[in-house]
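In: Sequence first, then the predicted structure:
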Amino acid sequence: MKRRTTLAAALLAAGSLAPGSAAAAVGGTAAPDGGVADQGRVTASCIEHVPAGKHRPKLIEKLSPRGVSGHVATLTVTVEHGKGEAVLPNGFHLELGSDSEHALERAGFALPDPDGGAGPTVQTKVKGQRATTTVKIPLVPLPKKPGRQKLTLPPLPIAIARASGEVITLCTKPHAITVGDPTASTPHAKPHDNPKPRRQMEEWTTARDITYAALIALVVGALVAWLLGRWLRRPRPEPPPPPPRPPWEVALEELFDTRHAGLIKEQRFSEHFDRVSHTVRKYLGDRYGFDGLESTTREILGFIRRVTPTVTALPGIEVFLREADLVKFARLTPTENDCETALGRGEHIVHSTIPPLEAGAQAGIAAGPAAVAPETALPETAPGAGASEATEAAEPRSPYAPPEPEEKPGDDQGAVKEADKPRDDDGGKA
């Protein structure tokens, strides 16, 4: 109770002091640095508090005796304390509207804004069980009158937190400083011009967005080009082969080549006859779906007889194949007339077995009836006449064919069966 009364009396006494004497001690006695304090020191700007029976930490203070109005003057305070104690644990700051702030303002000083980069700094060095902390407090002298002025810095509080949780508050000493005007040493000083403008760095959002968009477009374009190249180089299916030529076109072309090969003029009759037979057999196999070159005459006729609808040229085909067998197997040498007759019969067989649609298309393309050779034109037959009679009337008789016997109605196959028998060179039976 006695201590609180003493502190209140000291505060009242400090309030009645003039601004110039704000740094004077008003109540209590202060122990020297490092000694045992029995009572705190109270000023208008600081209230010192040292627990009873504790030694007051040693303070070493330094402030330049001269300064310039409006320029920073730094107060350097070095505190020697124990290793477990922290100086200014919460930083150095004065509450707005407090007695300390008002006392500092009346003395003609101001604290720079800590957020502006000129706040107080604290550095601690530990050596053994002792530590030394250096506190630098920037102050700006602002005298109220121009010219050289002498100001007195009031005591400032320095808080020290002990390991036990107690807080020691120490007050610095008053410091006198002579402050001069910035232009005091310049005779007839004149105001300076404004400083040159500095280059301002501004974020150009439009250029940034354009750059990002260009980079993204470059990446996307490269990706699209790569994908397009892969797509163009993809394995493509081979085009389908052309449709096969109709067998009648191939056969007529081969027979045409045989006609103009000159084999008859060179008297190569057997080779001529064999080429015509080979072409007709191959054509019949391709036309009706069997292997004509590997089939015998009987097999070929059997295949053709099973064709639906019935092949009208079957009798002529049978006569042609029988004669070709005589030349090939009986080793009969055909004459020039026989070769011409065999070539004409082969062309007639091909023309007479062309499908109706293809025959109509070829007839439309040909330039009139003269496009068909006279020996290949089908003769007109009377109504009711058999196919065998129409074929025999259109084909010249072969010298290798047997004489025609008298035929009776319904005996159409007699002549064919008689022709199948081989003959000797005199026309008799072999």
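Out: Good, I have the coordinates.
In: Name the residues of stretch 67-76 that come out as buried.
Out: Using 16 or more other Cβ atoms under 10 Å as the test for burial, stretch 67-76 gives G67, S69, A73, L75. C-beta coordinates here come from the backbone N, C-alpha and C atoms, glycine included.
In: can you give me the strands for the chain?
Out: For the chain, the strands defined by DSSP state E occupy 58-62, 66-68, 73-82, 86-87, 109-110, 121-127, 130-141, 149-153, 157-161, 167-171, 175-180.
In: Save those strands as CSV, and put in distance to E271 too.
Out: CSV is the format used below for those (distance: least, Cβ to Cβ, whole Å):
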stretch, distance to E271
strand 58-62, 135
strand 66-68, 132
strand 73-82, 129
strand 86-87, 126
strand 109-110, 131
strand 121-127, 122
strand 130-141, 126
strand 149-153, 139
strand 157-161, 129
strand 167-171, 134
strand 175-180, 138
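In: wait, which of those strands is closest to S100?
Out: Among these, the nearest to S100 by Cβ to Cβ is strand 157-161 (6.9 Å).
In: could you say what helices and strands the closest one packs with?
Out: Other helices and strands packing on strand 157-161, by 3 or more Cβ pairs under 8 Å, 6 or more residues apart in numbering; DSSP states H and E, are strand 73-82, strand 86-87, strand 167-171.
In: quick one, which of the strands of the chain is nearest to P237?
Out: Going by Cβ to Cβ, the one of the strands of the chain nearest P237 is strand 121-127, 81.0 Å.
In: got the CA coordinates for that closest one in PDB?
Out: Extracted in PDB, the C-alpha atoms of strand 121-127 (Å, rounded to 0.1, in the frame of the first residue of the first chain):
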ATOM      1  CA  THR A 121      16.600  -3.300 -33.600                       C
ATOM      2  CA  VAL A 122      17.700  -5.800 -31.000                       C
ATOM      3  CA  GLN A 123      20.800  -7.900 -31.100                       C
ATOM      4  CA  THR A 124      21.900 -10.400 -28.400                       C
ATOM      5  CA  LYS A 125      25.300 -12.000 -27.900                       C
ATOM      6  CA  VAL A 126      25.600 -14.800 -25.300                       C
ATOM      7  CA  LYS A 127      28.900 -15.500 -23.600                       C
END
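In: In the helix ranked longest in the chain, which residues are buried?
Out: The residue-count maximum for a helix in the chain (DSSP state H) belongs to helix 205-232. By neighbour count on 16+ other Cβ under 10 Å, the buried set for helix 205-232 is empty.
In: which helices and strands does that helix pack with?
Out: Going by 3+ Cβ pairs under 8 Å, 6+ apart, helix 205-232 lies up against no helix or strand.
In: what separates that helix from the chain centre, distance-wise?
Out: 9 Å (Cα atoms, centre = their mean, to the nearest Å).
In: follow-up on the earlier one: can you name the two of the buried residues of stretch 67-76 that sit furthest apart?
Out: S69 and L75 (16.8 Å).
In: Mind jotting down where the helices sit in the chain?
Out: 2-15, 99-106, 205-232, 247-259, 269-288, 297-305, 314-329, 336-352, 356-365, 387-394, 414-419.
In: In a markdown table, list the ones you listed along with mean pLDDT and distance to P143.
Out: Listed next are those as a markdown table, based on pLDDT from 0 to 100; distance: least, Cβ to Cβ, whole Å:
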| stretch | mean pLDDT | distance to P143 |
| --- | --- | --- |
| helix 2-15 | 34 | 22 |
| helix 99-106 | 82 | 12 |
| helix 205-232 | 94 | 47 |
| helix 247-259 | 93 | 124 |
| helix 269-288 | 92 | 126 |
| helix 297-305 | 91 | 135 |
| helix 314-329 | 90 | 140 |
| helix 336-352 | 92 | 133 |
| helix 356-365 | 62 | 123 |
| helix 387-394 | 40 | 145 |
| helix 414-419 | 41 | 151 |
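In: quick one: which of these is nearest V179?
Out: Closest among the helices of the chain, using Cβ to Cβ: helix 99-106, at 14.7 Å.
In: List the buried residues of that closest one.
Out: D99, S100, E101, H102, A103, L104, R106.
In: ok, of those, which one's closest to Q267?
Out: Looking across the buried residues of helix 99-106 and measuring by Cβ to Cβ, the closest to Q267 is E101, at 142.6 Å.
In: Distance-wise, check that closest one relative to P157.
Out: 12 Å (Cβ to Cβ, to the nearest Å).
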